[in-house]
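Novice: structure for this input, please:
(chains A, B, C and D, ligands or ions: 2)
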Amino acid sequence: MRSIYLDHAATTPVREEVIEAMVKVLRENYGNPSSIHQFGRPSRKLIEEAREKVAKAINADPREIIFVGSGTEADNLAILGSARANKKKGNHLITTSVEHHAVLDAFKALEKEGFEVTYLPVDGEGRISVADFKNALRDNTILVSVMHANNEVGTIMPVEEIGAICREKKILFHVDAVQAVGKIPVDVTQINCDFLALSGHKIYGPKGIGVLYMRRGVRTQPLYHGGGQERKLRPGTENVPNIVGLGVAIELAVAEMETESPRLAKLRDKLIDGVLSTIPETRLNGPREGRLPHNANISIVYVEGEALLLTCDMKGMSCSSGSACTSGSLDPSHVLMAMGLSHTIAHGSLRLSLGHSTTEDDIDYIIRELKPIADRLRAMSPVWENFQKGLPIA
Amino acid sequence: MRSIYLDHAATTPVREEVIEAMVKVLRENYGNPSSIHQFGRPSRKLIEEAREKVAKAINADPREIIFVGSGTEADNLAILGSARANKKKGNHLITTSVEHHAVLDAFKALEKEGFEVTYLPVDGEGRISVADFKNALRDNTILVSVMHANNEVGTIMPVEEIGAICREKKILFHVDAVQAVGKIPVDVTQINCDFLALSGHKIYGPKGIGVLYMRRGVRTQPLYHGGGQERKLRPGTENVPNIVGLGVAIELAVAEMETESPRLAKLRDKLIDGVLSTIPETRLNGPREGRLPHNANISIVYVEGEALLLTCDMKGMSCSSGSACTSGSLDPSHVLMAMGLSHTIAHGSLRLSLGHSTTEDDIDYIIRELKPIADRLRAMSPVWENFQKGLPIA
Amino acid sequence: MYTDKVLDHFTNPRNVGEIEDASGVGEVGNMKCGDIMKMYLKINDESNVIEDVTFKTFGCGAAIATSSMSTEMIKGKSIDEALSLTNKAIADALDGLPPVKMHCSVLAEEALKAALLDYQKKSGKNLGLNDDDFEDWDAE
Amino acid sequence: MYTDKVLDHFTNPRNVGEIEDASGVGEVGNMKCGDIMKMYLKINDESNVIEDVTFKTFGCGAAIATSSMSTEMIKGKSIDEALSLTNKAIADALDGLPPVKMHCSVLAEEALKAALLDYQKKSGKNLGLNDDDFEDWDAE
Ligand SMILES: Cc1ncc(COP(=O)(O)O)c(C=O)c1O
Ligand SMILES: Cc1ncc(COP(=O)(O)O)c(C=O)c1O
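Specialist: Ligands and ions are numbered 1, 2, ... in the order given. The predicted structure follows:
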């Protein structure tokens, strides 16, 4: 049977070039980068080479690159660290209502520490407005955090406009670019950000490695303490194989973006059009334009996302859903709710995220197979029954 | 030329069984453990299997095992997290003056947050006294942290005696067992600890993965926030390959300990005796008995550690030193200083830590080669000159 | 995460559908939490035997599987037996549910009770069921 | 971390040793910080040329390499040239030092100055050197 991986926004396979580089390091370069002997020195060199690759990929200086253990840790180091380090300057922070939990939960924690946080609303397509942002600014605003692109619906945010305003007003600006890197151009000087987070496992690199870009001259505070690694901002013996793997992955991702992203966008559009035209009562979540090239988020209304996801998986299509039942929480995805979707639509959402391995043939298969799945679950659904009878929905 | 790795206390090579297990996961199990589809489920299973292996190795329950990004992070999650989570119960903390920086610097940070910390002194062999510990206890003591064995001089601490007292007085007890695991038996129920930290790369496993054991019913607070991974205590997409690698490594380390540790202890004793009897004005740092089986820490007095280390390295013997010059700090190792060593002795310290690959032939080679190195550097040393002329030392 | 039994009942749900002239119909859950279960009972008024039972469910894998399993467990059984069916028994019959999904088995028990309450009202028999038992669900 | 030149001077240090009847001897550094440098100068009183220079150093790789390099740089040079030798020039001659090791080059410069100061005292010539210049070192 077919087995199509359609969850590249959750994580990606590790590409062979990355595995090979990592295995070489695992076998040959086990020395501690802090050791000055012949086993340690090559490890240090490997880290600095990877740092240069990462810097180049986002147009930064190598000295502005800090390796951390995940995208989550990068987000927190930027947000918790800089808010705490700069709290004497003010206690107001701004972010959006559709951030990843790595960002949202960091801000929730800061609220408990006495900071005030404005969560910017989004429109029906998941985008914040620059006007709302300007209105939210206060004299005591010290930090703004806006994701480059949304992980659920793929909406690209106006980070450059926000960045220009922050720079002008000398407010720290963090960008969660975990989903954007390798999909759309990410240039820290063009964005005018002070911090930017990215993660290895979203770009065909290893899990358990992330990067925080931190502009020179900007201050943050470590989340925990120990050795002097990564300029004391992220102590602990460095994960050399994963750092090297991330370096290889980001170099390749950025080099291939120019051809891969348009290819994915074409497949994505075909998928969206195919599903929307084949299955009644479906809708695209997020915008048509200005979305990540590999993200299709579609609601198949009147059926529940986890049931959809499981049935798709049995037919060899592995994707994800914004339904509450996937995560074990009570409410469906905070992103879909912030976009103003009804519970009915939010619960029926399916995120199909494409990647290197996705072919046009796969897309045809999905379009063909999704309809009978929807039909079957709808036949079981009392809500679909009500809808068809013209009765109110639950 | 020979190339002998003598820095196993800094980090170990990754053993082949671990690399193979990791590569299999890197190639085949890239799914996100949080995904419920066919790509995600095996990843979840792999994590839970590794958790069981770790639990078994230290006689814990799998639910008490939290995977984190390093030994440093495990130490901090235990110390910062539990002190902050329990600060209403008291603000006095106890640790030792010879902890690793991952522990010491966490306590330094807590001092800035208003906690009071007692740093227990050690004797000339690096051991705390239980009597000192008892005297340090106060009514408002909420947390005690003592390393199982010291990373520089290998001294084994009386953790079971401390643990029994803490348990009786209902004081939280954290043990940094990063150096002990796989070298001496580590049993959380026998130690009576509430937390225990270990790290993958010290036991022939991968870098960038650590474990915090946390006894059931005990509370801590995460260092940063995000997804619900590891019971919300360590958010971020799990590093599945490294978790699997750590599981394999710890299982093998504990299984082989019974034969490997006595083998290492014999080699270590031969090394210590050989060096001390061949080179005048040398001394063993740390105890003869009650030290880790693979650790030899010797001061070659009147020469400086980094110069020694570099010269040894050129002769194919890669080890480390407690001299300030190795780390770029001003003072020599805080451990050697806490033991009451003079600067002269501390600066001449060399840590030779043995491991799987070390042979008796290697030991013979080291004993043979170390003397000419010491002679050569001493011939250059104005301090040796003074010593020989009976003049005061600097 | 799901047992083979859960996946079997999810993939091949038993007793899906409606009963035109049902003796009792119960619907519980709501769209907010993402699970809605509707259960139809055909009860023999003489023997008090549940002769037929069907369901329609909007919900996750566990919601569909517990609906299916609960219908199978009460089909051909007496009203008394149906009344004594607990959510735990349903979960156990499925070889267990993930902790976060236990509420689905509660929902299945409640759907059955709601259908029986409807039957109590329609038939005039006193099954000892009370409107208040469902307040929790309505409130949500 | 170290350049090839540093490693070369560390492995094969030039001008190690003492000079019995030295014109000036300087010792700087202390045991606490882990570097002690002692420099011996043989100066031609007529020509003011440094005819010989040797050192002994207790210290790290950079300390030994900067000692060695600085002796090489002043051997055969005039006192004035020696006085104008800066720590930066020593570091540059070694193709650079790691930032944490720059203090070693400062130490080498100071050892030379201390030896020249000793010569100034012994010879009675005024080289413009001042005891106070070494206060920093004594204080440490
Ligand atoms: C005693 C001790 N604790 C903690 C650590 C920190 O472990 P890691 O390097 O995995 O952060 C080390 C090793 O560096 C250690 O030896
Ligand atoms: C937008 C966004 N931010 C942060 C993260 C967290 O990254 P990581 O899983 O590496 O911690 C993710 C992915 O999970 C993400 O999609």
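Novice: how about the strands in the chain?
Specialist: You didn't say which chain, so I picked chain A. A:4-5, A:65-68, A:92-96, A:116-120, A:141-147, A:172-176, A:195-199, A:210-214, A:282-284, A:295-300, A:317-318, A:349-353 (DSSP state E).
Novice: I was after chain C.
Specialist: Along chain C, the segments classed as strands by DSSP E run C:24-30, C:35-44, C:49-58.
Novice: quick one, which of those strands gets closest to residue D:129.
Specialist: strand C:35-44 (88.4 Å; CB to CB). Just so you know, the C-beta spots here come from the backbone N, C-alpha and C atoms, and that holds for glycine as well.
Novice: among the strands of chain C, which comes closest to residue B:61?
Specialist: Using CB to CB as the measure, strand C:35-44 is the one of the strands of chain C that comes nearest residue B:61, at 32.5 Å.
Novice: quick check: angle from the closest one to strand C:24-30?
Specialist: Interaxial angle, strand C:35-44 versus strand C:24-30 (axes from the mean of the first three to the mean of the last three CA atoms, to 10 degrees): 170 degrees.
Novice: buried residues, strand C:35-44. List them.
Specialist: Using 16 or more other CB atoms under 10 Å in any protein chain shown as the test for burial, strand C:35-44 gives C:35-43.
Novice: of the residues you listed, closest to chain A?
Specialist: Chain A has its nearest neighbour among the buried residues of strand C:35-44 in residue C:38, at 4.1 Å by CB to the nearest CB.
Novice: dump the strands of chain C to CSV, plus distance to ligand 2.
Specialist: Formatted as CSV, the strands of chain C follow (distance: least, CB to the nearest ligand atom, whole Å):
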stretch, distance to ligand 2
strand C:24-30, 30
strand C:35-44, 26
strand C:49-58, 28
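Novice: those: which one's closest to residue A:49?
Specialist: Among the strands of chain C, the nearest to residue A:49 by CB to CB is strand C:35-44 (52.2 Å).
Novice: for the chain, longest helix please?
Specialist: Went with chain A since none was named. Counting residues, the longest helix found in chain A (DSSP state H) is helix A:240-278.
Novice: wait, chain C
Specialist: Max-length helix for chain C by DSSP H is helix C:102-123.
Novice: mind giving me the packing neighbours of it?
Specialist: Secondary-structure packing of helix C:102-123 (3 or more CB pairs under 8 Å, 6 or more residues apart in numbering or on different chains; DSSP states H and E): strand C:24-30, strand C:35-44, helix C:61-74, helix C:79-83, helix C:87-93.
Novice: please identify which of the ones you listed is closest to residue B:200.
Specialist: Residue B:200 lies closest to helix C:61-74 among the helices and strands packed on helix C:102-123, at 35.2 Å (CB to CB).
Novice: which stretches of the chain have low pLDDT?
Specialist: Looking at chain A here, since you left the chain open. Low-confidence segments of chain A, defined by pLDDT under 70, are located at A:326-330, A:394.
Novice: think we crossed wires, I meant chain C
Specialist: C:133-140.
Novice: for whichever residue of chain A sits closest to chain D, grab phi and psi.
Specialist: Closest residue of chain A to chain D, CB to the nearest CB: residue A:36 (5.9 Å). With angles defined as degrees, to the nearest 10, residue A:36 sits at phi -90, psi 0.
Novice: once you drop chain neighbours, what's closest to it?
Specialist: Once flanking residues are discounted, residue A:36 sits nearest to residue D:1: 5.9 Å by CB to CB, 6 or more residues apart in numbering or on different chains.
Novice: how much space between that neighbour and ligand 2?
Specialist: Residue D:1 sits 31 Å away from ligand 2, taking CB to the nearest ligand atom, to the nearest Å as the criterion.
Novice: repeat for residue A:88
Specialist: Computed as CB to the nearest ligand atom, the residue A:88 to ligand 2 distance reads 28 Å.
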